[in-house]
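**Q** when you get a sec, could you give me coordinates for this:
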Amino acid sequence: MGKNAGILTALAIVMVCGVAGCAVVPPEAETTRAATVAPTPTAEPVVEAAWPVQLVPTTCEQVVPQPTIDAVFGEPLALDYTFPSGLGTSGFGSAAAENSGSLLCVWGAGEGDEIRAVIVDVVPRAVAIDERRSIELDGSPMGAPVGYCEPEGCAVRGIVDEYWMEATIWGADSMAEGARPAAQPVFDSVIAAVTALAPSADPVWPASAESWPSSCEEFASPETIADALNLPGASFTTGFYLSPSNVELGEIVSARGLVCGIASEGGGRSGRILTLPESGNRFAAARDQAVLSDLFEAVEISGLESGSAFVMRNAVNPSMAALEMNLRGTWVSLSMSTGTVEQGDPAALLLNLANALAED
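**A** Below is the predicted model of the structure:
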């Protein structure tokens, strides 16, 4: 029976293939093919969404047209102007604006005492931030935009729907009498543009955001601060402070950073800790720019790579100082006022705190 079955199979193959012929697969090859398993598709790599991205649905050119900008001082001001490092700016504020998805526009010209600039900030999702600011300060929400001019320059700031908007005009000519008429077209343009904005896009945070500290106490204990700064009874206090502008602090909070005020038991000394998670990659460029100025000095922090910190001494008030550092990927800004020089060197005390934070 087995032999007949083999013959019948051979005849069937001849009948099907006919004169055209076809390849007959040997039995052992057929067995091998049947056992072959289809390859498993290669898994696509998980690509994390880009961050940070601008969440405000407009551009600098749409907020204030270039002709309006140029008319302020009667000369062209370049967009994306970078302030010289000698002004004591480190780039922390620009990084805060970027991380929060804000729109930050800087038009400027000149150097030294002849710098003229127009700066516009539009911060999304700012209502809750303004509520915190008002609670920590005078209890009053910011309200609709209000413009004014002072000897230092002109500004307009306020809340429009979900947006915190601020426009500042400053420079040698902004202090001249009659500056308000030149500033008003800028104010009007910014207010109109922000009023017309659609809601901002929802932020998409990096995966690491799950591990970012959500409170000042989680970032550093009061005991660590007290020991490092020689502040008996040190505690965290309000982060916002009475100032014409708190927009940078608002951008830090919106970027899920920390704004932590530091107070001592007996008063006289105070300080502040600001953090921007996932911003260490931008710290190096800011450091390289900052140390070109005599105001900044590179310092070494135990346990961190060389070049991870720099300190800024206040040339006008030596009882004040600031220190910025890349704490393993988080850009940290520390500042302190000792009240008087006799109460200690603020730069040395901040260096103590930076070393203590690096050890934790």
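**Q** now the helices for the stretch 1-150 of the chain?
**A** Assigned by DSSP state H, counting those that start in this stretch, the stretch 1-150 of the chain shows helices spanning 2-17, 27-35, 60-63, 66-73, 92-99, 127-136.
**Q** of these, which shows the lowest average pLDDT?
**A** Out of the helices of the stretch 1-150 of the chain, the stretch the model trusts least by mean pLDDT is helix 2-17, with a mean of 33.
**Q** quick check: buried residues in stretch 351-358?
**A** For stretch 351-358, the neighbour count (16 or more other CB atoms under 10 Å) marks 351, 353-358 as buried. C-beta: built from backbone N, CA, C; applies to glycine.
**Q** dump the residues you listed to JSON lines, plus distance to A78 and secondary structure.
**A** Listed next are the buried residues of stretch 351-358 as JSON lines, based on distance: CB to CB, whole Å; DSSP: H, G, I helix; E, B strand; the rest coil:
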{"residue": "L351", "distance to A78": "37", "secondary structure": "helix"}
{"residue": "L353", "distance to A78": "38", "secondary structure": "helix"}
{"residue": "A354", "distance to A78": "36", "secondary structure": "helix"}
{"residue": "N355", "distance to A78": "41", "secondary structure": "helix"}
{"residue": "A356", "distance to A78": "42", "secondary structure": "helix"}
{"residue": "L357", "distance to A78": "38", "secondary structure": "helix"}
{"residue": "A358", "distance to A78": "39", "secondary structure": "helix"}
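**Q** so where's the stretch 101-250 of the chain shaky on pLDDT?
**A** Where the stretch 101-250 of the chain drops to pLDDT under 70, the residues are 172-179, 242-244.
**Q** at 80 instead, please
**A** Low-confidence segments of the stretch 101-250 of the chain (pLDDT under 80): 112-113, 138-139, 151-152, 172-180, 241-245.
**Q** all strands for it, in order.
**A** In the stretch 101-250 of the chain, the strands defined using DSSP state E, counting those that start in this stretch lie at 103-109, 116-123, 146-150, 153-160, 163-171, 235-237.
**Q** the fifth one pairs with which strands, and in what direction?
**A** Counting by DSSP bridges, the strands paired with strand 163-171 are strand 116-123 (antiparallel), strand 153-160 (antiparallel).
**Q** would you mark the buried spots in that strand?
**A** Buried residues in strand 163-171, counting neighbours by 16+ other CB under 10 Å, are found at 163-171.
**Q** of those residues, which is the nearest to A182?
**A** Using CB to CB, I169 comes nearest to A182 of the buried residues of strand 163-171, at 7.8 Å.
**Q** now render the buried residues of stretch 351-358 as CSV, adding pLDDT and distance to F92.
**A** Written out in CSV, the entries for those read as follows (pLDDT from 0 to 100; distance: CB to CB, whole Å):
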residue, pLDDT, distance to F92
L351, 96, 18
L353, 96, 17
A354, 97, 15
N355, 97, 20
A356, 96, 21
L357, 97, 16
A358, 96, 18
